[in-house]
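1. Okay, here's the prediction I keep looking at, along with the sequence it came from:
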Amino acid sequence: QVQLVESGGGLVQTGGSLRLSCAASGRTFSRYAMGWFRQAPGKEREFVAAVSWSGGDTVYPASVKGRFTISRDNAKNTVYLQMNGLKPEDTAVYYCAAGTTVQAMAIMALVNYWGQGTQVTVSS
């Protein structure tokens with residue numbers, strides 16, 4: 001069992017940066033690929049980033065590639081999402097998730113655990 005708790009959300013202006021953190025409980029954290037997803041009001045949840053258990057493999061959709069960076073620290077049971085160059089369309093609730101592989105998480109498949117979400121609001 002893995003419990004995920006996100007933090008770091010908030011209000012930022014266009015072009016600003018935020019760093020989200022996701023703290024995981026449980027000794028099996030390092031066995032999971034980790035990912036971030038987001039859901040804006042009235043829209044479906046979408047994939048944002050994923051990192052393999054070792055941290056050596058990452059995947060991003062075109063909408064955030066080059067602006068967002070996912071990383072993890074297995075010693076701290078924590079995964080991060082550094083978000084730079086934020087745009088109003090990045091406004092959403094951001095969810096941390098644990099799954100099997102980065103490829104599966106990229107299509108929102110085989111996700112085992114979800115966090116409760118943290119709000120990110122980008123003002124224009």
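-> Everything's here; your move. Numbering: from 1, shown residues only.
2. Show me the helices in the protein, by range?
-> For the chain, the helices defined by DSSP state H cover 102-106.
3. With adjacent residues omitted, what lies nearest to the residue nearest in space to the middle of the chain?
-> In the chain, the C-alpha nearest the mean C-alpha coordinate belongs to W36, at 2.1 Å (C-alpha atoms, centre = their mean). Counting by C-beta to C-beta, 6 or more residues apart in numbering, V48 is the residue found nearest to W36 once chain neighbours are left out, at 4.3 Å. Where you see a C-beta, it was placed from the backbone N, CA and C, and this is true even at glycine.
4. Now stretch 47-56: buried residues?
-> Residues of stretch 47-56 classed as buried: F47, V48, A49, A50, V51, S52, W53 (neighbour count, 16 or more other C-beta atoms under 10 Å).
5. Can you tell me what sits against it?
-> 30-38, 57-61, 64, 68-72, 74, 79, 81, 94, 99, 101-102, 105-108 (C-beta atoms under 8 Å, 6 or more residues apart in numbering).
6. which residues touch S7?
-> L20, S21, C22, A23, T118.
7. hmm, 7 Å instead?
-> By C-beta atoms under 7 Å, 6 or more residues apart in numbering, S7 lies in contact with S21, T118.
8. ok, it to W114 distance?
-> Between S7 and W114 the distance is 15 Å, computed by C-beta to C-beta, to the nearest Å.
9. Could you give the number of residues near S17?
-> 11 (other C-beta atoms under 10 Å).
10. Give me the nearest residue to it, chain neighbours excluded.
-> N84 (4.7 Å).
11. follow-up on the earlier one: need the buried residues of stretch 47-56 in JSON lines (columns: pLDDT and distance to S123).
-> Below are the buried residues of stretch 47-56 laid out as JSON lines (pLDDT from 0 to 100; distance: C-beta to C-beta, whole Å):
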{"residue": "F47", "pLDDT": "97", "distance to S123": "24"}
{"residue": "V48", "pLDDT": "98", "distance to S123": "20"}
{"residue": "A49", "pLDDT": "98", "distance to S123": "23"}
{"residue": "A50", "pLDDT": "98", "distance to S123": "28"}
{"residue": "V51", "pLDDT": "97", "distance to S123": "29"}
{"residue": "S52", "pLDDT": "96", "distance to S123": "34"}
{"residue": "W53", "pLDDT": "93", "distance to S123": "36"}
